[in-house]
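Visitor: next come a sequence and a model predicted from it.
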Amino acid sequence: MKIAVIGAGYVGLTTSCVLADKGSTVTCIDNDQSKLEKLAKGQVPFFEPGLQEVLDRTLANNKLTFTDQTVSAVKEADVVFIAVGTPPKATGEPDLTYLKTAIDDLASGITSYKTIVTKSTVPLGTNEWIHETLLENADPALFDVVSNPEFLKEGTALYDTVNPDRVVIGAKSARGASVVKELFAFTNAPVYETTLTGAEMIKYASNVFLAVKISFINEIASICDAFHVNVKEVAEGIGADPRIGPAFLRSGLGYGGSCLPKDLSALLYSAAGKQVDAHLLPSAAKVNDQQVNRYTAKLEEDLGILKQKRIAVWGLSFKPDTDDTRHSPAILLILSLIEKGAEVLAFDPLVKEVEGIVSQHDLYESVKEADALILATEWAVFNSVDWNRVRSLMKGNIVLDARNVLNHRTVTEAGLTYRAIGSGR
Ligand code: UGA
C-alpha cells in the first residue's frame, strides 16, 4: 500500500518507519525544514531507542521518503495518516491549528479513493468534523475517515507500535475500517471497533485513567507516610488483584509529559462544553499539582528553610529513556527550589539544558558540596551509583528519593540519610 503520514513527531515518524519496514511505501510529511533536513540525512530528530536502525533500513530500501509537499504526497497515497500535534492552549483546550491546516491541505489531494486515518489525539467530535469538512470539498465515494488512536509510550515507541495491546478503530464505514485492520494485521493485536467519537473517547479515557491511577497511589503514599507504611508493598499487594493490576502504581513526583496532563485538561474542557460536571478528574489533576510541594516540604523537614542550600537534582526529562522535558515534574521541582532561594545543580544522562537549567557533565559533579540530593527522574544509571563516593562529595547527607526507586539499605550503609514519601520508616 502507498501511505502518506502527515507529521514527523513521535507518533508520525514511528508509524512511518514501522509501516515502511513492514513493506508499505511511505511518504512522511512535515513543514519543519530543519527536521526534514535531519531526516533526509537519516537522523532521528529526537531520542527514541531503536528508531535509528529502522529509519536506516527503510531509507536504504527506498521504502520511506520525506517531503513538505502535502497535496502531491496525498494524491499518490491509498491511506493518509494524520499525526500532527494538538498542543494545549492556556485554557486546556487543544489547539487544532496544525490539524486544520492538514485537513485543508489534504482535501485537494483527494482525487482517487483514500482512507484518511486520524492518529493525533483530538477532542471528542473532531473526526466527525473532519468527515463533514472533507465532504464539502471531496466526493463522498472517494474517502473514508477512520479514527485510530495511538497508545505508544515515549521511550518504547517502536516496541509499542510493533506490539500494541490493541488496535482501536472508529469508523463510519466497513471499508475504511477494513483498510486499517489490514494495515495493522501484522501486530496480531485484538481490534476494537467503535464509532469515530467512541475511538476518541477510548484514547482520552485510557490516558486519563492512567493519570488517575498515579494520583491515587500518590495520595495513598502520603497517607502511608503518616503511618510509616511502605507504599511499594501496598502497590504490590493491591496490584496482585487483576481488577486493579500492578502497572502505573509507582508513586513519586507525579505524572508529566506531553500527554497525560494535556489529555486530562482536554477531556475536562470537552465535558465543560457540554455542561457535564466532573469531580474525580479535577481532583486527580490537583493531587498531581501538589506533588512537588509535598517533596519540597519533605526536604524542609530536614533542612529547614531552603534559602542558600545547595541541592543536587538527578533527572530532568519527564521520565527515563527520553530527552523530552515537556511538563517534567523534575523541572517543576527545580523551579520551586530556585524560587525558595536554593542553589540547584542538576544532572541528566540525556538532557543537556532546559529552561536555563544546565546538566552537569557527570552525576558526581552535581553532588559536590550539596546539602541534599533529590532523585527526580528514575534513570537506570542511578541504580548503580557509588554511594560512598556521593557521600564523600556531599556536604550534607540527605538523599530524597522522589521516585521511590533506590535501595534504602545501600544508601544508608554509605552514611547517607534516606528519605522518601511512603518508605515505611
Ligand atoms: C502516555 C501513555 O502511557 C501512552 O499510552 C500514550 O500513547 C501517550 O501518553 C500519548 O498519549 O501519546 P507517555 O506520555 O510517553 O505515554 O508516558 P508514560 O509512560 O505514560 O508516563 C507518563 C508520566 O507518568 C511520566 O511522568 C511518568 O514518570 C509518570 N508515571 C508513570 C508515574 O509517576 N508512575 C507510574 O507508575 C507510571
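Guide: Thanks, I have it.

Visitor: where along the stretch 101-250 of the chain do the strands fall?
Guide: Taking DSSP state E, counting those that start in this stretch, the strands of the stretch 101-250 of the chain run over residues 114-118, 143-147, 167-171, 191-194.

Visitor: okay, how far is it across stretch 315-330, tip to tip?
Guide: Criterion Cα to Cα, to the nearest Å; first-to-last residue distance in stretch 315-330 is 6 Å.

Visitor: so what's the gap between the longest helix along the chain and the chain middle?
Guide: Longest among the helix segments of the chain by residue count, using DSSP state H, is helix 196-226. Distance, stretch centre to chain centre, for helix 196-226: 14 Å (Cα atoms, centre = their mean, to the nearest Å).

Visitor: repeat that for stretch 124-142.
Guide: Computed by Cα atoms, centre = their mean, the separation of stretch 124-142 from the middle of its chain amounts to 29 Å.

Visitor: state the mean pLDDT of that stretch.
Guide: Mean per-residue pLDDT for stretch 124-142: 96.

Visitor: which parts of it are buried?
Guide: Neighbour counts over stretch 124-142 (16 or more other Cβ atoms under 10 Å) mark 124, 126-131, 134, 138 as buried. Yep, even glycine has a C-beta here, placed from its N, CA and C like the rest.

Visitor: likewise for stretch 190-198?
Guide: For stretch 190-198, burial by neighbour count (16+ other Cβ under 10 Å) applies to 194, 196-198.

Visitor: same check, this time on stretch 275-282
Guide: By neighbour count on 16+ other Cβ under 10 Å, the buried set for stretch 275-282 is L281.

Visitor: start and end of that stretch, how far apart?
Guide: Stretch 275-282 has an end-to-end distance of 15 Å (criterion: Cα to Cα).

Visitor: mean confidence (pLDDT) on that stretch, please.
Guide: 98.

Visitor: how far away is whichever residue of the stretch 301-425 of the chain sits closest to the ligand from L260?
Guide: Nearest to the ligand, among the residues of the stretch 301-425 of the chain, is K319, at 3.8 Å (Cβ to the nearest ligand atom). Distance check for K319 against L260: by Cβ to Cβ, to the nearest Å, it reads 10 Å.

Visitor: briefly note if stretch 226-233 comes near the ligand.
Guide: No - contact of stretch 226-233 with the ligand is not found when judged by Cβ under 6 Å from any ligand atom; the minimum separation is 11.0 Å.

Visitor: gap between that stretch and the chain center?
Guide: 28 Å.

Visitor: who touches it?
Guide: Residues from elsewhere that reach stretch 226-233 (Cβ atoms under 8 Å, 6 or more residues apart in numbering): 217, 220-221, 223-225, 251, 404, 421-425.

Visitor: now do 6 Å
Guide: Stretch 226-233 has contacts (Cβ atoms under 6 Å, 6 or more residues apart in numbering) with 221, 224, 251, 404, 422, 424.

Visitor: how far away is the second one from the ligand?
Guide: Translated: C224. Going from C224 to the ligand by Cβ to the nearest ligand atom, to the nearest Å gives 15 Å.
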